[in-house]
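>>> predicted model and sequence follow; I will ask about them next.
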Amino acid sequence: MGEETTWFEFLPGLHNLSEYLRAHLARTELGVGQFPSAWSMTHVWSVALVLTFVTIGALRFAGVVGRGGEAAIVPPAKFGLRNMFEMLTDAVLGIGESVMGPANAKKFLPLIGTMAFFIFFSNCLALIPGFAPPTAQLKTNVALAGTVFVMTHVYGLAAGGLGYLKHFLGPKLYLAPLMLPIELVSHIARPLSLSLRLLGNIAADHKVVSAFFALVPFLVPVPFLVLGMLVCIVQTLVFCILTMVYIQGAVATHDHGDEDHGHDEAEPGDVHHAKAAH
Amino acid sequence: MKRFTQVVLGISAALVTMLVATAAFAQTANADALAFGERDKWIALAAGLGIAIAAFGGALGQGRAAGAALDGIARNPEASDKIFTPMILGLALIESLVIYSLIISILLLGKVH
């Protein structure tokens, strides 16, 4: 995945900052020369941009809600920043309720909602010419998937104590020597698959859109932009649903039977109607 | 005046994007090697065939998934909302296997020269 110039090159002094950090942080023993893009700060600046945007939107949303009154409850008439953030949060909560149940969905909304916002807006950067999406770099994706991996186990241990380790042994105890390697491999495969799926989709999409912008910048990239928006949304959705499924698998206690297999009838329809209504 | 400002800003943004996108933000081109060694031939062949087979298998799988979803919608059109989300999820998971192969192909192409 090559190095490309972005709008960030126009910021004065940024190149000096990158070179300064390269001198101090880049590793040469792994052969930075073999992977020329192994050291670049573009994804950091892109992440900073995405986080700034999400923070501003979230602060505005929280400000309006915090002031109370009618403006906090009634959705605004026009489609604006606040409306978009509200829709996205609603969607994440709705899907969470259908996968994890209402209590868990609210409990894990900060983690999963933040990741949904971050991944969605990072993916959208892939479609704007001149920006490099941070999710097209393996570094960002491994950070996200590693977070999910670690937090799954943390939540599992917090919810079940040491009994969480019995998850790895499978349903029956005499199957444990067989199930343990299988479970370990499947657990290791989770962050790999999460990060690589997101990486491949967004990197390929970014290349396609860039290629068409370089060829014919007028009107021809439009179908690819539409496809790109679809890929953005679907990849965010897939990442969040898989995170929810993993956390639910780790946290679910079997005391209450099968109440966590709650694919309630209303939820996917609500999500779709919420998306379609605006 | 606000409408005029919007129109002017929109057109100038479009022009800047088109001009800049063509000129400055293209990917840096790989240096063309003069000699294509024996190893490079095999790597190029593997890269091409890998993604071809993966795309073939992925298309078959996704076709089945979409076909089953369409069958379900045909039987029960009111359930189309409930079928849509699991269908998209299934398609994305099938596609992720093709994407793994695409990543390997891109990595192999990077090793060619």
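That came through, no problem. Numbers count the residues shown, from 1 in each chain, chains lettered A, B, ... in the order given.
>>> show me the strands in chain A, by range?
Under the criterion DSSP state E, chain A carries no strands.
>>> go ahead and flag the most central residue of it.
By CA atoms, centre = their mean, chain A has its centre lying nearest to A:I119, at 3.6 Å.
>>> check contacts around that one.
A:T135, A:L144, A:L198, A:Q235, A:T236, A:F239, A:C240 (CB atoms under 8 Å, 6 or more residues apart in numbering or on different chains). C-beta: built from backbone N, CA, C; applies to glycine.
>>> recalculate using a threshold of 6 Å.
Shown in contact with A:I119 (CB atoms under 6 Å, 6 or more residues apart in numbering or on different chains): A:T236, A:F239.
>>> ok, it to chain B distance?
Look at A:I119 and chain B: by CB to the nearest CB, to the nearest Å, they are 13 Å apart.
>>> for stretch A:135-147, give the mean pLDDT please.
Stretch A:135-147 shows an average pLDDT of 90 in the prediction.
>>> also stretch A:179-193?
89.
>>> all strands for chain B, in order.
Read by DSSP E, chain B holds no strands at all.
>>> quick one: low-confidence residue ranges for it.
B:20-35, B:113 (pLDDT under 70).
>>> excluding chain neighbours, what is closest to A:P171?
Ranked by CB to CB, 6 or more residues apart in numbering or on different chains and with sequence neighbours excluded, the top spatial neighbour of A:P171 is A:M179, at 8.0 Å.
>>> of all of the stretch 151-278 of chain A, which residue lies closest to chain B?
Closest residue of the stretch 151-278 of chain A to chain B, CB to the nearest CB: A:G200 (3.3 Å).
>>> neighbours around the residue nearest to that residue when sequence neighbours are not counted, how many?
Distance criterion CB to CB, 6+ apart; nearest residue to A:G200, sequence neighbours excluded, is B:I99 at 3.3 Å. Look at B:I99: counted by other CB atoms under 10 Å in any protein chain shown, it has 23 neighbours.
>>> how about the contacts made by B:I99?
Going by CB under 6 Å, 6+ apart, B:I99 touches A:R197, A:G200, A:N201.
>>> who wins for neighbours among the residues you listed?
Within the contacts of B:I99, A:N201 tops the neighbour count with 26 neighbours, counted by other CB under 10 Å.
>>> tell me the centre residue of chain B?
Short answer for chain B (CA atoms, centre = their mean): B:I99, at 8.4 Å.
>>> that one and A:I128, how far apart?
22 Å (CB to CB, to the nearest Å).
>>> got it, and A:L173?
A:L173 is 55 Å from A:I128, by CB to CB.
>>> again with A:L17
Taken as CB to CB, the span from A:L17 to A:I128 is 23 Å.
>>> can you give me the helices for the stretch 51-200 of chain A?
Using DSSP state H, counting those that start in this stretch, the helices found in the stretch 51-200 of chain A span residues A:70-73, A:81-100, A:102-125, A:138-160, A:176-215.
>>> and those helices, which one's lowest on average pLDDT?
helix A:70-73 (a mean of 72).
>>> quick one: it to chain centroid distance?
29 Å (CA atoms, centre = their mean, to the nearest Å).
>>> what sits up against that helix?
Counting by CB under 6 Å, 6+ apart, A:V64, A:V65 sit against helix A:70-73.
>>> so stretch A:89-109, near chain B or not?
No: if you take CB under 6 Å from any CB of the partner chain as the test, stretch A:89-109 misses chain B, and the best it gets is 7.9 Å.
>>> so what's the residue count around B:L107?
Residues lying near B:L107 (other CB under 10 Å) number 13.
>>> report the contact partners of it.
So B:L107 contacts nothing (CB under 6 Å, 6+ apart).
>>> measure it to B:I43 for me?
Following CB to CB, the distance that separates B:L107 from B:I43 is 10 Å.
>>> now swap in A:P129 and tell me
For A:P129 relative to B:I43 (CB to CB), the value is 31 Å.
>>> of these two, give the one with the bigger neighbour count.
Ranked by neighbour count (other CB under 10 Å), A:P129 and B:I43 place A:P129 first, with 24 against 18.
>>> hmm, that one is touching A:F213, no?
Yes: A:P129 lies in contact with A:F213 (CB atoms under 6 Å); the separation is 4.8 Å.
>>> between A:L173 and A:I128, who's got more neighbours?
Neighbour count, other CB under 10 Å: between A:L173 and A:I128, A:I128 has more, with 14 against 9.
>>> how about A:A132, phi and psi?
Torsion angles at A:A132 (phi, psi; degrees, to the nearest 10) stand at phi -100, psi 120.
>>> which residues does it contact?
By CB under 6 Å, 6+ apart, the neighbours of A:A132 are A:T6, A:T42, A:S46.
>>> rerun that using 7 Å as the cut-off
A:E4, A:T6, A:T42, A:H43, A:S46 (CB atoms under 7 Å, 6 or more residues apart in numbering or on different chains).
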